[in-house]
Every structure is written in C-alpha cells, then in structure tokens.
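Trainee: my questions concern the predicted model and sequence given below.
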There are 2 protein chains.
Amino acid sequence: MGSSGFLGEFEQLVLLAVVRLGQDAYGMRIRREIEHRAGRSTSIGAVYATLDRLEAKGFVRARDDSSGGRARRFFGVSPTGMDALESARELQARMWAGLRTRLRRAGRKA
Amino acid sequence: MGSSGFLGEFEQLVLLAVVRLGQDAYGMRIRREIEHRAGRSTSIGAVYATLDRLEAKGFVRARDDSSGGRARRFFGVSPTGMDALESARELQARMWAGLRTRLRRAGRKA
DNA sequence: CATCAATTTCTATAATGTAGAAATAAATGA
DNA sequence: TCATTTATTTCTACATTATAGAAATTGATG
C-alpha cells in the first residue's frame, strides 16, 4: 500500500468512528461504536493496532486524558485524516457512479 | 479478515471495474479502467492477484475466451459478488450517515 | 521464422487485518 | 488498607490483502 495515503477498509471504519465519537473517542468506545453501527464484531487488538497505524500516518493524534477517572487514550482525527476520508469517499463515489441500476438488474437475473 | 465476506479496499475497486466493464472485463482492461476512473496507478500483478482471490471466494468467475484473437481471461461478477458489493455499500452508508457536515466543519477549523 | 506487442503468470515482499492473552490501574466493598 | 472486580490498554503472533515487476506465453506481423 506504500503509505500512499489510501485507507484500508478497517482503517476507514475506525477513522469514521473516531469522527463520530468526537470527544469520546477512545479504544473500547471505538470498538463498541464499530460493532453497533457496522453490525460486525471486532477485537480490541484490531482496533488498537489500527489506531496505532493511523497515528503513525498522521491521520489521528492521541490527546492526553485530563478527566480524573480511569486513564484512557483519547484520539482525534487530524486535518490530514479528514482529507483521507474525503478522498476515500470521492473515490467510492466515482467508482460507483451510475452502477446501482446495473447492479440491481444483474442481481435479479442471477 | 477470515474470509468473512468483507471486501478489502482494492478488492472493491476491482469488483466494481468488472461490473462496469461487463463483457469486456479482462486483466489489462480492468487495470486501465481502475487507473482512469480512480486516478490511481496500479500494477498488473496487483490486479491479477486480486482477481484470483476474488475468484477463490466465489465473487467473480472466469469465462473462457471465445473470441479468436489473443487469448484472454474474461471475468464476470457472481451473484455472491454482487451481494458483497451491496453489503459494502450499505456498510459505508451506515458509517457515513450524518457525518458529512461534521466533516466539513472540522475541515474548516483545522 | 524472428520479432513485436499484448496479455497473463509467477515470485517476492510490504501493509493491513485480526484475535486473544497479558498487563495496568481505577473503583469497590469488606 | 487490601483483595477483588472491572474497564482499559499493551503486547505478541499470525493470516490476509496489497503491491510491484520480471518472466513466460501467445497471437500478429514483417
């Protein structure tokens, strides 16, 4: 993938979950969010490994936990990360453009 | 990924290119289609490796080349493959739902 | 038949995805 | 206070996917 700025499938899920959760984006919460919204089970290890990789690419940054409670690692999406999300979305739009009807037709006759 | 039916990022691109190309979907052509539409360079090896994996999963099937010319390997998307595409699209829709404005806001202030 | 051009195969490696056990540390109740 | 529970993160290991490019194949062409 050559760090070319493209987002893998799961990376995209995690990044979107971080956007959605806003101030509340930390590992376990992100995991739950993905499981709920995507309806797909995932492991906590998968989430953290992906967060670490996203951080290494500069797509998310960890901010320190200031709340008194249990120490947690909160994440936020960086401007670069936002760009990556936008690009991914645009790419998908281009690739899908005009294909929905064709897909439905094919699905019926299959 | 455990062959859980999820499509990787590039797998999705290839599958969509096969749908779009219809009768004309063979390796080199798929490569060109992706490069044009996605505006992203890719290698022929990447395309074939992905086609092989998609075939192993039953998402595409190769049909024999009946045209007289240079022997080529044509591909078509199977019903299962169509389902996988639909699922991927639905998943994306769910994950993105209601996020565009938030993304734009964040992009501005960043 | 020699060469060319288009296509596919093959080989090798990097990046991403995935799970689950182990470690950490706050909270709780005795 | 201390043992226990509970929520969270780290760590380790491995499977799958992504990627490139050289080599092989085969029709076409001179």
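Mentor: Arrived safely.

Trainee: flag the shaky bits of chain A, pLDDT-wise.
Mentor: Within chain A, the ranges that satisfy pLDDT under 70 run A:1-4, A:66-69, A:103-110.

Trainee: mind doing that once more with 90?
Mentor: Along chain A, segments meeting pLDDT under 90 span A:1-6, A:63-71, A:98-110.

Trainee: which parts of it are strands?
Mentor: A:60-63, A:74-77 (DSSP state E).

Trainee: would you mind naming what in chain A lies close to chain B?
Mentor: Counting by Cβ under 8 Å from any Cβ of the partner chain, chain A comes close to chain B at A:6-9, A:12-13, A:16-17, A:19-20, A:37-40, A:77-79, A:82-83, A:85-86, A:89, A:91-92, A:94-96, A:99, A:102-103, A:106-107, A:110. C-beta here means a position set from N, CA and C on the backbone, and glycine is covered the same way.

Trainee: out of the residues you listed, which end up buried?
Mentor: A:6-9, A:12-13, A:16-17, A:19-20, A:37-38, A:77-78, A:82, A:85, A:89, A:91-92, A:95-96, A:103, A:106 (16 or more other Cβ atoms under 10 Å in any protein chain shown).

Trainee: ok, how many other residues are close to residue A:29?
Mentor: 17 (other Cβ atoms under 10 Å in any protein chain shown).

Trainee: who's in contact with it?
Mentor: Taking Cβ atoms under 8 Å, 6 or more residues apart in numbering or on different chains, we find residue A:29 in contact with residue A:21.

Trainee: recalculate using a threshold of 10 Å.
Mentor: A:17, A:18, A:21, A:47, A:72, A:74, A:75 (Cβ atoms under 10 Å, 6 or more residues apart in numbering or on different chains).
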